[in-house]
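Colleague: Quick one, structure for this:
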Amino acid sequence: MTDNYSIALDLTLDNEDNNEQKNILNDIFHEDSDEQKDPTLQSGDTLDVLPIRGQVLFPGVLLPITVSREKSKKLVRSIKKQQKYIAVNCQLDRDIQEPSTNDLYPLGTAALILEVLDLPNGNVLVILEGKERIYAESFETVRGVIRAQITVLEETFPKRGDKEFFALASSIKAQAQNILESAENVPPEASMTLRSIDNPPTLINYICVNFGLKIEDKQDLLNYESLLDRAKHLQFLLNREAGMLKMKDEIQAKTKEEIDKQQREYYLNRQMEAIQKELGDTTAEVVKDLQNRAQNKNWPEKIAQVFADELKKLQRMSSHSPDYTTQQNYLETLLALPWLDMTEDNFDIKHAQEVLDRDHYGMEKVKERIIEYLAVQRQLTLRSDEEKRENPVHSPILCLYGPPGVGKTSLGRSISEALGRKYARISLGGLHDESEIRGHRRTYVGALPGRIIENIRKVKSSNPVFVLDEVDKIGADYKGDPTSALLEVLDPEQNSTFHDNYLDVDYDLSNVLFIATANTLDTIPRPLLDRMELIEMTGYLQEEKEEIAKRHLIPKELRDHGIRPSQLKFTKDILGRIIRDYTRESGVRSLDRQIAAICRKVDTQLALEKPYNTTITPEDLITYLGQPRFTAETYETNKYIGVVTGLAWTQVGGEILFIETSLSPAKTPTLTMTGNLGDVMKESATIALGYIKAHADQFGIRPKDIETHAVHIHVPEGAIPKDGPSAGITMTTALVSAFTKRKVRARIAMTGEMTLRGKVLPIGGVKEKILAAKRAGITDLILCEDNRKDITAIPEKYLKGLKFHFVRDIQEVIDFALLKK
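Modeller: Numbers count the residues shown, from 1 in each chain. The predicted structure is shown next:
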């Protein structure tokens, strides 16, 4: 419904001719005219039809309309001349310029044409007087004119003196008057005309015609046969219209209030800016800059609201206030964080495999886990958005642990390149303040976000690969326990709402791929270990170190020292000598330093223009690096009784060790152990001697020999601590050899734990021990049957030349390892 209410004489007049038409109409309606008798009208008559747009004519109401169609002009002049009825029907669609028989409402009004006047713009003003309601039974077009066969519809009027009808008419009049007064753009004569109508039927039909009701509503009103029913429905429509007007007034009032408030704030802000400018205060400029930067920021709605609230606080501060800088830095931090900005993952599995193989040799378990992660993420991208919201998948928390120098940290950078993500790293070694993780509260002077949030801000991405280095070296003191703070960071179920004390709002870390590194798991609290997926990175084998040196270390050092590949070459034998004689480590850092030292020596030779060997020789190694620093244990001989070769695992790889046993006469049998042995290794010796005493007959040992000899077990290199259960079968074999005077088979080594019942148990570090045995010239190895599965995981090239003997009890070991007398 619209607000454009007016009297009948104003409704359909064009604006440009409005005043002139009004003058003409006033002259017409004030002329004294003789009463004329209306022509007859009955059902079955055929009337010419005048289509009108946007209006419905009711009986007893005058309606001025403007006619612009040429054929309509001819029609109204002809009808006026003949003093006949004309059917007035409204168009279904007012936008149709040339309506057909299907474009008209069948319900209309028979009318007489009181006057036809030519207007200056070429249109014709027609004054219609509604007489009877009619229904077009059918339409037809004759020579371009629409004609209708009609049925005259009767109207029933209330009885004279009907109080309900008169009360209803009075209520309608009052309601209409109120609407006119509340509506906009209503001429004053509209209210005057409404007040001047005292005839209730005329009043009702007048309001039906002239109020801005919908055409569908007017057609419904015209359809009522009973004037009382028409009045009731009209009152319902007026009440609805009054409610709409009231709602509109309330909306306009509220909108005006908001506009006034905004204008007031704008005016006050301009005044404040002017005052601040005079005082040299730059707050206004800073606030405007922050607002502009925040407009296109991709962040959660909650964070946007926090930023807006904090910006208002800054706006009320003076730039000379002590808290001004703190507040500005906080807002700058909110803007600098990436929030919802993330890099797109590269799910090309082949590319990831190429990057990992290019940067790191070996590490198959770690590479396999990264490839699995990529494959899972690739499948998850196929899910619908609804599934992703209902079942979010968090990034795994990986913990790479192993000895120093094996590439744990550098692997994180390779993973970020393989995934196409940003790379962030912090070192947690020596960290003892919880605030380093969670940040400081802004109430403290010099407060800053924690190192997690700070690095997220630096990389400008919410899904980087984040390396937490040295997680096993975190301390704790009166300032808090950083490992407890890391529980939230490294828990996939909690880190989606990580709370930094400085930000004081939650930040989503669930998309970050955290990779922790550690040298040992012993110092990491159990709750923290429980939240991480542990992946062990063992030390490199000599063969792997040689390959790493050839692929990575030598090209890197040649490039860093400005030496061309043709100017310096390393053979495989030379690399092996450097690794064995000048380094003793699990990683390759010391190896890298030795290669760098050789490069410096060659650079010096080139600078002095002295001749040198481009291919390094063993003599060159002594010249460049000095005498060998380490000597590797090698197999010696089997001529000694009571000496057995064992295998040990160290952080720098596998080693062979010799278990030496000697017997000396004694009144009281004793067991002496030397060689800096740990408690577990001492227990293994005690178990071995106890088992031999209990099964002496089985080994051909006289009990008297055990009771009259003191036993001394020694493991050489006493300066090096030694411990572990894997020397159990080696000590037992050495003791049996000493008591039975049987020699040990040549070039044999063994490793395995033994129980008091003689059962052989599996041990760890099999790969390192096997390679140590191979380097020492061992050909036969005795292992527990349960270690057979570990052999299958070792590349075949490392097993060439070795023969394995798998056992389940110590008797099998003795039978194979000791020669007959």
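Colleague: For this structure, give me the ranges with low pLDDT.
Modeller: Filtered on pLDDT under 70, the chain yields the residue ranges 1-37, 183-190, 272-282, 388-389, 392-393, 478-479, 632-635, 651-653, 719.
Colleague: could you say what helices and strands the lengthiest strand in it packs with?
Modeller: Assignment by DSSP state E gives strand 124-142 as the longest strand of the chain. Packing partners of strand 124-142 (3 or more C-beta pairs under 8 Å, 6 or more residues apart in numbering; DSSP states H and E): helix 18-30, strand 46-52, strand 62-67, helix 70-82, strand 86-90, strand 107-118, strand 145-153. For the C-beta atoms, the positions are set from N, CA and C on the backbone; glycine is no exception.
Colleague: list the buried ones in that strand?
Modeller: Going by neighbour count (16 or more other C-beta atoms under 10 Å), the buried part of strand 124-142 is 124-136, 139.
Colleague: gap between that strand and the chain center?
Modeller: How far strand 124-142 lies from its chain's middle: 68 Å, per C-alpha atoms, centre = their mean, to the nearest Å.
Colleague: Tabulate the CA atom coordinates of that strand in PDB.
Modeller: Listed in PDB are the C-alpha atoms of strand 124-142, where the atom choice follows Å, rounded to 0.1, in the frame of the first residue of the first chain:
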ATOM      1  CA  VAL A 124      -8.200  13.800 -22.900                       C
ATOM      2  CA  LEU A 125      -9.700  14.200 -19.400                       C
ATOM      3  CA  VAL A 126     -12.800  12.000 -18.900                       C
ATOM      4  CA  ILE A 127     -15.200  12.400 -15.900                       C
ATOM      5  CA  LEU A 128     -16.800   9.000 -15.100                       C
ATOM      6  CA  GLU A 129     -19.800   8.400 -12.800                       C
ATOM      7  CA  GLY A 130     -20.100   4.800 -11.500                       C
ATOM      8  CA  LYS A 131     -23.700   3.500 -11.700                       C
ATOM      9  CA  GLU A 132     -23.900  -0.300 -11.400                       C
ATOM     10  CA  ARG A 133     -21.700  -3.300 -10.600                       C
ATOM     11  CA  ILE A 134     -21.400  -5.500 -13.600                       C
ATOM     12  CA  TYR A 135     -19.700  -8.800 -14.500                       C
ATOM     13  CA  ALA A 136     -18.400  -9.500 -18.000                       C
ATOM     14  CA  GLU A 137     -19.600 -12.900 -19.000                       C
ATOM     15  CA  SER A 138     -17.500 -12.700 -22.100                       C
ATOM     16  CA  PHE A 139     -15.200 -10.300 -24.000                       C
ATOM     17  CA  GLU A 140     -14.800  -9.800 -27.700                       C
ATOM     18  CA  THR A 141     -12.900  -7.400 -29.900                       C
ATOM     19  CA  VAL A 142     -14.800  -5.600 -32.700                       C
END
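Colleague: nearest to Lys639, of the helices and strands packed on strand 124-142?
Modeller: Among the helices and strands packed on strand 124-142, strand 86-90 comes nearest to Lys639, with 126.4 Å by C-beta to C-beta.
Colleague: So which other helices or strands are in contact with that closest one?
Modeller: Applying 3+ C-beta pairs under 8 Å, 6+ apart, one finds that strand 86-90 contacts strand 46-52, helix 70-82, strand 107-118, strand 124-142, strand 145-153, helix 215-223.
Colleague: can you map out the strands along the stretch 701-821 of the chain?
Modeller: For the stretch 701-821 of the chain, applying DSSP state E, counting those that start in this stretch gives strands covering 709-714, 748-750, 753-754, 760-761, 780-784, 803-807.
Colleague: neighbouring contacts of the second one?
Modeller: It refers to strand 748-750. Residues from elsewhere that reach strand 748-750, judged by C-beta atoms under 8 Å, 6 or more residues apart in numbering: 635, 644-647, 656, 729-730, 733, 773, 776, 778-783, 813, 817.
Colleague: please redo it, this time with the cut-off set to 6 Å
Modeller: The contact list for strand 748-750 (C-beta atoms under 6 Å, 6 or more residues apart in numbering) reads 645, 647, 729-730, 773, 778, 780-782, 817.
Colleague: Kindly indicate which of the residues you listed lies nearest Gln305.
Modeller: Checking those one by one against Gln305 (C-beta to C-beta), the nearest turns out to be Leu647, at 65.5 Å.
Colleague: thought that closest one was touching Thr751?
Modeller: Yes - with contacts counted by C-beta atoms under 6 Å, Leu647 reaches Thr751, the gap being 4.1 Å.
Colleague: In terms of neighbours, single out the busier of these two.
Modeller: Thr751 (33 against 28; other C-beta atoms under 10 Å).
Colleague: nearest to His712, of the buried residues of strand 124-142?
Modeller: So of those, ranked by how close each gets to His712 (C-beta to C-beta), first place is Phe139, at 129.2 Å.
Colleague: count of residues packed around the residue nearest to the closest one when sequence neighbours are not counted?
Modeller: Distances taken as C-beta to C-beta, 6 or more residues apart in numbering put Thr101 closest to Phe139, at 3.5 Å, once the chain neighbours are dropped. For Thr101, the neighbour count with other C-beta under 10 Å is 15.
Colleague: Contacts made by stretch 116-131 with the rest, please.
Modeller: With contacts defined as C-beta under 6 Å, 6+ apart, stretch 116-131 is touched by 17, 21, 24, 57-59, 61-68, 73, 76-77, 80, 109-112, 114-115.
Colleague: Check the separation of the first and last residues in that stretch.
Modeller: Length of stretch 116-131, first residue to last, C-alpha to C-alpha, to the nearest Å: 18 Å.
Colleague: Same check on stretch 522-529?
Modeller: Taking C-alpha to C-alpha, the first and last residues of stretch 522-529 lie 10 Å apart.
Colleague: Run through the helices of the stretch 201-350 of the chain in chain order.
Modeller: Per DSSP state H, counting those that start in this stretch, the stretch 201-350 of the chain carries helices over the ranges 215-223, 227-279, 283-295, 301-315, 324-336, 349-359.
Colleague: the inter-axis angle of the longest one versus helix 283-295?
Modeller: The reference is to helix 227-279. With axes from the mean of the first three to the mean of the last three C-alpha atoms, to 10 degrees applied, the angle from helix 227-279 to helix 283-295 works out at 130 degrees.
Colleague: looking just at contacts, which helices and strands does helix 227-279 meet?
Modeller: Under the contact definition 3 or more C-beta pairs under 6 Å, 6 or more residues apart in numbering; DSSP states H and E, helix 227-279 sits against helix 163-182, helix 283-295.
Colleague: Okay, buried residues for the first one please.
Modeller: Buried residues in helix 163-182, counted by 16+ other C-beta under 10 Å: 165, 168-169, 172-173, 175-176, 179-180, 182.
Colleague: any idea how far Ala242 is from Pro200?
Modeller: 20 Å (C-beta to C-beta, to the nearest Å).
Colleague: Quick check, Met342 in contact with Ser462.
Modeller: Yes - in terms of C-beta under 6 Å, Met342 counts as a neighbour of Ser462; the distance is 5.0 Å.
Colleague: Looking only at neighbour counts, state which of these two leads.
Modeller: Between Met342 and Ser462, Ser462 has the larger neighbour count (other C-beta under 10 Å), namely 21 against 16.
Colleague: Now do the helix or strand where Leu657 lies and strand 709-714, the angle between them.
Modeller: Applying DSSP states H and E as the criterion places Leu657 in strand 653-665. Orientation of strand 653-665 against strand 709-714 (the same axes, to 10 degrees) gives an angle of 160 degrees.
Colleague: Show me the residue sitting in the middle of the protein in space.
Modeller: Residue closest to the average C-alpha location in the chain (C-alpha atoms, centre = their mean): Asn511, at 5.8 Å.
Colleague: Which secondary structure state is assigned to the nearest residue to that residue once chain neighbours are set aside?
Modeller: In space, and not counting its chain neighbours, Asn511 is closest to Asn463: 3.9 Å by C-beta to C-beta, 6+ apart. Recorded secondary structure, Asn463: coil (DSSP: H, G, I helix; E, B strand; the rest coil).
Colleague: Tell me how far the spatially closest residue to Glu543 that is not a sequence neighbour lies from Ile656.
Modeller: Nearest non-adjacent residue to Glu543, counting by C-beta to C-beta, 6+ apart: Tyr798, 6.7 Å away. Counting by C-beta to C-beta, the gap from Tyr798 to Ile656 is 16 Å.
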